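1. Pasting a predicted model and its sequence here:
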Amino acid sequence: EVTGELRIPKGAVGKVPAVVILHGSGGIDGRGAFYAEALNANGIATLEVHMFDRGKRPKTGPQTNYTHVYGALRYLAQRPEIIASAIGVMGFSWGGSLSLVSASKSLTEKFMAGAGGLQFAAHAPFYPVCWTHLRRAKDPNSPAYEFYRAFTGAPVLLSYGGRDDYDASPRDCNEFLAALPKAAASHVTLQFYPNATHGWDGPYPRTLQFEDRYAHGGQGGTVHMRPDAEIATQSRAIAIDFFLRTLKARG
C-alpha cells in the first residue's frame, strides 16, 4: 500500500497534465509542496508519493522504489482528471535519481509491460547524485548499465549545483552526459547553478550538516545543504516552464 498527496488544480475544466513528485532521502520535507503549489497554479496536477519516512532510507538504493515511480504513473493514467499522455516526473536527490533513471527505455518497458506504451512525458531530476549514474553508465558489468544505453525519448532537464558535496566534482553531471550514447544524451539538458549546494531549495531555515556514505563521490563524509531562496525561486520557475512546454504540448 502506497500513500501520496494528489492535488488537482482549482477550477480545472476537463483533463489536465500531471507531475509525479519524488522526495529525497530524508522523506517528505516541504520541497515537493514548494513546486507543487506552482505547478497547480499553472494548471498541472501533482502527486507527491510517500516512499519512506525520515531516517528509513532503504540501504539497497533507489532501485527499491522503482515500483513507487511506475506505480504512480499507472495510477495517474487511470484517473479521469488526468491526461495519460502528459504525465511528468520530478524528484530531489534520491527522488532525483529515480526521476532520471525512469527515462530509461529498458527500465520503462520492464515496469510498464502491458500498459500500451505508457511512459513519462518529461523528467526533471534535481541534484540526482551524478557520480552514481556516471559509474553505472561507464561500467558494462553493472546490472544497471543497460538502463543508460537508450532513453524513451522524453525530454530530461537535469538540475545540479556547483557546491554539491555528494558529487566528487562539479563536472560529474557533465561527465555522466558525455558517457551516454549520443542518442540518449540528445534528450538531456543540463541546468547548472554554480553557487548551489545539494538541496538548495529546501525549506530548512539554515545550513544542514550531516554525514553520508554516498558523499564525495562515494568516499563518504560531510554534506552541507544550504537553502538559497534566490536560486530556489529561479530553479522552480525554470522547472515550471519546462513542464508547461513539454506536458501542455502533449495535452
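-> Thanks, I have the structure now. Numbers count the residues shown, from 1 in each chain.

2. So Val89: helix, strand or coil?
-> strand (DSSP: H, G, I helix; E, B strand; the rest coil).

3. mind listing the helices for the stretch 101-250 of the chain?
-> Ranges of helices in the stretch 101-250 of the chain, per DSSP state H, counting those that start in this stretch, are 105-111, 130-138, 172-179, 182-185, 215-218, 229-250.

4. Could you say which of these is packed most deeply?
-> Counting by mean count of other Cβ atoms under 10 Å, helix 130-138 has the highest mean neighbour count of the helices of the stretch 101-250 of the chain, with a mean of 22. For every residue, glycine as well, the C-beta is placed using N, CA and C.

5. any idea of the mean pLDDT in it?
-> Mean pLDDT, helix 130-138: 97.

6. quick one: Ser102 from Gly95, how far?
-> Distance of Ser102 to Gly95, computed by Cβ to Cβ, to the nearest Å: 10 Å.

7. closest one to Gly153 among the helices of the stretch 101-250 of the chain?
-> In terms of Cβ to Cβ, the element of those nearest to Gly153 is helix 105-111, at 8.0 Å.

8. Pull that closest one out as CSV, backbone CA atoms only.
-> Taking C-alpha atoms only, helix 105-111 is exported to CSV below (Å, rounded to 0.1, in the frame of the first residue of the first chain):
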residue,chain,number,x,y,z
LYS,A,105,13.8,2.7,-22.3
SER,A,106,14.6,-0.8,-21.0
LEU,A,107,13.5,0.0,-17.4
THR,A,108,10.3,1.6,-18.6
GLU,A,109,9.5,-1.4,-20.8
LYS,A,110,10.2,-3.7,-17.9
PHE,A,111,7.9,-2.0,-15.4
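
9. which residues touch that helix?
-> Contact with helix 105-111 is made by 66-67, 69-70, 101-102, 119-120, 146-147, 149-152, as judged by Cβ atoms under 8 Å, 6 or more residues apart in numbering.

10. Any chance of CSV for the helices of the stretch 101-250 of the chain, columns distance to Asp29?
-> Listed next are those as CSV, based on distance: least, Cβ to Cβ, whole Å:
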stretch, distance to Asp29
helix 105-111, 26
helix 130-138, 21
helix 172-179, 23
helix 182-185, 31
helix 215-218, 19
helix 229-250, 13
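
11. I'd like the average pLDDT over the strand or helix carrying Thr67.
-> Assigned by DSSP states H and E, Thr67 falls within helix 66-77. Average pLDDT, helix 66-77: 96.

12. Check which helices and strands it sits against.
-> Helices and strands touching helix 66-77, by 3 or more Cβ pairs under 8 Å, 6 or more residues apart in numbering; DSSP states H and E, are strand 16-22, strand 45-50, strand 82-92, helix 94-101, helix 105-111.

13. Help me confirm that Gly217 comes into contact with Asp167.
-> Yes - using Cβ atoms under 8 Å, Gly217 makes contact with Asp167 at a distance of 6.4 Å.

14. Spit out the residues that contact the two alike.
-> Common contacts of Gly217 and Asp167, defined by Cβ under 8 Å, 6+ apart, comprise Trp131.

15. The helices of the stretch 101-250 of the chain: which one's closest to Ala196?
-> Of all these, helix 229-250 comes closest under Cβ to Cβ, at 5.0 Å.

16. and that closest one with strand 16-22, angle?
-> Using axes from the mean of the first three to the mean of the last three Cα atoms, to 10 degrees, one finds that helix 229-250 and strand 16-22 are set 140 degrees apart in direction.

17. now helix 229-250 and strand 82-92, what's the angle there?
-> Relative orientation of helix 229-250 versus strand 82-92 (the same axes, to 10 degrees): 150 degrees.

18. From the rest of the structure, what touches helix 229-250?
-> The contact list for helix 229-250, computed with Cβ under 8 Å, 6+ apart, reads 17-19, 34-35, 38-39, 42-44, 83, 85-88, 90, 121-122, 124, 126, 154-155, 157, 159, 161, 191, 193, 195-196, 200-201.

19. what's the answer for stretch 22-33, then?
-> 21, 46, 48-57, 65, 68-69, 89-96, 98-99, 199, 201-204.
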